[in-house]
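1. Got a predicted structure here, sequence first:
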Amino acid sequence: MNPLPPEPLNQICLSLHADGLDSRTTLSAFSRLSHTCYGIAAPLFYRHLSIKFWSAESLRKTVSELTEDGQGRQFVKYAMKLSVICLNPGLGNTTQDLLWQLEGCKLGNTRVGQEDPATKVTFLESHLTDPTLSYASGVLLLKGWSNYRQWERDWGPLTALVARLCHLGEIEFLVRNDFPISLQEAISQHHPKCQLKLLWPQNVTSSVPNLKNQTCPRLRKIISNDDFAGIDINLLRLEGLHTLSVQIPSRSDSKGRWIEIDEMLPFLLLAPNLKHLLLRKSSTAHRLPVAMLKQEWNNLAVSTQPVPVSSLHSISIGEAGPPENILLKLASIADISQLRCTFPNLERLFISTNGRGWRCPDLNSDDDIGVSAIRAFNPLVYLHLRGFRSVSSLNQIIQRHGPTLKGLIIMPCIRDKGRTEDDSGYKYPELDAFGISQLAKSCPQLEELRLPIKRSMGSQEECEMYKAVGSFSNLHSLVLDLHFDPRPRPVDPM
């Protein structure tokens with residue numbers, strides 16, 4: 001095989017790797033067959049290092065296998081991607097578990113090791129297979145992940161490993177913790193251009209510099225250090241920060257209005273190469289006073305004057321609580337009319353807008369300002385809308401983005417049944433055959449579509465809707481959510 005030119009050898013290696021033959025035994029046999037092939041294959045076989053652990057001891061033991069005499073020493077030389085995954089301790093800690101931790105193959109878990117759906121090339125497929133877009137399953141999406149327990153937390157072995165890796169170009173941090181400062185410093189020092197993907201919502205709220213010193217002594221006595229814990233704010237300026245998920249705490253005041261600690265939003269756009277921003281609202285209690293946190297972020301903004309510099313490709317907004325406020329806050333960073341300048345490269349928007357009907361008195365209307373904010377973006381390529389109710393709102397959005405859309409997902413507003421007699425619990429833009437045909441005309445490039453359709457016992461009107469779906473000239477992927485109300489007299493809308 002040695003006389004073969006490099007390109008055929010490279011294709012052979014790629015084929016073997018694609019077939020899953022990437023164990024150290026196979027590679028060893030390959031090296032005996034051809035040293036040239038081994039030189040081509042080794043970087044492929046060892047390019048993805050997965051560190052899976054469940055305790056400080058398991059982390060130390062795993063990293064110890066990456067020494068000069070360890071089984072995984074070749075990863076240090078060739079690994080370009082590092083996935084750091086903290087597993088639930090109940091998933092096991094046997095010798096067999098340790099062996100597969102060092103395999104440089106794709107991770108088997110459906111969610112772990114995959115990017116957020118907003119970052120994927122296949123729009124509709126990722127939506128159907130990834131639970132992060134579903135509120136119900138989103139609660140369970142990290143059932144295989146865990147947090148690195150504080151009382152035994154030691155990032156030292158991992159920090160030392162990052163410093164030793166020769167060609168590290170990407171880190172995927174899949175731990176239910178804020179990103180540690182020690183790892184951040186190791187990246188800045190040894191791999192400043194390394195892509196960093198943080199998929200667990202980070203606590204940015206408590207990251208205001210000197211926050212603890214600003215807190216009154218009486219409050220410090222009753223609040224633990226954990227309440228002041230958070231990421232290092234310098235992380236938000238890291239050159240390689242690629243994907244960032246952020247927790248936005250919110251509370252309901254005495255009048256039932258949602259209050260978000262969203263003053264830090266302008267600071268989330270400071271990383272020059274940030275491509276994907278995931279905003280997750282959380283009603284988790286924060287023991288630090290909301291008013292104090294909002295004021296401290298306002299003070300920081302006044303003193304530093306943050307200027308957004310990132311070139312975002314996607315924004316994902318949802319789930320708990322109404323996120324229209326977040327979108328409007330993003331719009332206000334540079335004024336709603338300047339959104340096209342603030343996010344010139346944005347192609348994908350995922351938004352769950354009041355998807356559970358938290359505060360909208362008219363169950364068939366939408367927030368006009370929220371619709372205007374979506375329209376203010378540059379023409380999008382992929383759009384995921386959850387919770388919009390009216391055809392009018394949809395038409396306004398499509399009028400702006402339809403000509404460029406290649407992927408469109410329309411999900412219903414799911415509101416608990418029984419709250420009112422007039423609430424059917426399932427709201428979405430009810431398009432008829434004409435409306436679907438107009439949608440097809442407005443979206444000439446559409447390739448992927450998920451659309452709710454209201455059934456009517458196989459009536460002529462329903463058949464016409466299915467025919468209208470056939471008018472999308474470039475459509476190759478389609479999901480229809482068929483909504484049928486079996487009651488003899490459906491509830492009239494308000």
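-> Structure received. All values reported here derive from a predicted model rather than from experimental measurement. Numbering: from 1, shown residues only.
2. which strand of this protein spans the most residues?
-> strand 241-252 (DSSP state E).
3. If you count neighbours, what's buried in that strand?
-> 241-250 (16 or more other Cβ atoms under 10 Å). From N, CA and C alone the C-beta is placed, and that goes for glycine too.
4. Any chance of JSON lines for those, columns distance to residue 7 and pLDDT?
-> Formatted as JSON lines, those follow (distance: Cβ to Cβ, whole Å; pLDDT from 0 to 100):
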{"residue": "241", "distance to residue 7": "36", "pLDDT": "95"}
{"residue": "242", "distance to residue 7": "31", "pLDDT": "93"}
{"residue": "243", "distance to residue 7": "33", "pLDDT": "90"}
{"residue": "244", "distance to residue 7": "38", "pLDDT": "91"}
{"residue": "245", "distance to residue 7": "40", "pLDDT": "89"}
{"residue": "246", "distance to residue 7": "44", "pLDDT": "89"}
{"residue": "247", "distance to residue 7": "48", "pLDDT": "85"}
{"residue": "248", "distance to residue 7": "50", "pLDDT": "83"}
{"residue": "249", "distance to residue 7": "54", "pLDDT": "78"}
{"residue": "250", "distance to residue 7": "55", "pLDDT": "74"}
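5. what about the residue nearest to residue 311 when sequence neighbours are not counted, helix or strand, and which?
-> Of all residues not flanking residue 311 in the chain, residue 345 sits nearest, at 4.4 Å (Cβ to Cβ, 6 or more residues apart in numbering). Under the criterion DSSP states H and E, no helix or strand holds residue 345.
6. Please enumerate the helices of the stretch 251-400 of the chain.
-> 290-304, 324-332, 339-342, 368-375, 391-401 (DSSP state H, counting those that start in this stretch).
7. follow-up on the earlier one: what's the longest strand of the chain packed up against?
-> strand 195-203, strand 258-260, strand 276-282 (3 or more Cβ pairs under 8 Å, 6 or more residues apart in numbering; DSSP states H and E).
8. Which of those strands comes out lowest on mean pLDDT?
-> Of all the helices and strands packed on strand 241-252, mean pLDDT reaches its minimum on strand 258-260 (a mean of 72).
9. contacting residues around residue 194?
-> The contact partners of residue 194, by Cβ atoms under 8 Å, 6 or more residues apart in numbering, come to 168-171, 187, 240.
10. repeat for residue 403
-> 379, 442-445.
11. out of these, which is most surrounded?
-> Using other Cβ atoms under 10 Å as the neighbour test, these are led by residue 443, with 24 neighbours.
12. now the closest residue to that one other than its chain neighbours: how far from residue 411?
-> Closest residue in space to residue 443, ignoring its immediate chain neighbours: residue 402 at 4.5 Å, by Cβ to Cβ, 6+ apart. As judged by Cβ to Cβ, to the nearest Å, residue 402 and residue 411 stand 18 Å apart.
13. before we move on, what about residue 35?
-> From residue 35 to residue 411 the distance is 54 Å (Cβ to Cβ).
14. of those two, who's got more company?
-> With neighbours defined as other Cβ under 10 Å, residue 35 and residue 411 compare such that residue 411 has more, 20 against 12.
15. Excluding chain neighbours, what is closest to that one?
-> That would be residue 386: by Cβ to Cβ, 6+ apart, it lies 3.8 Å from residue 411.
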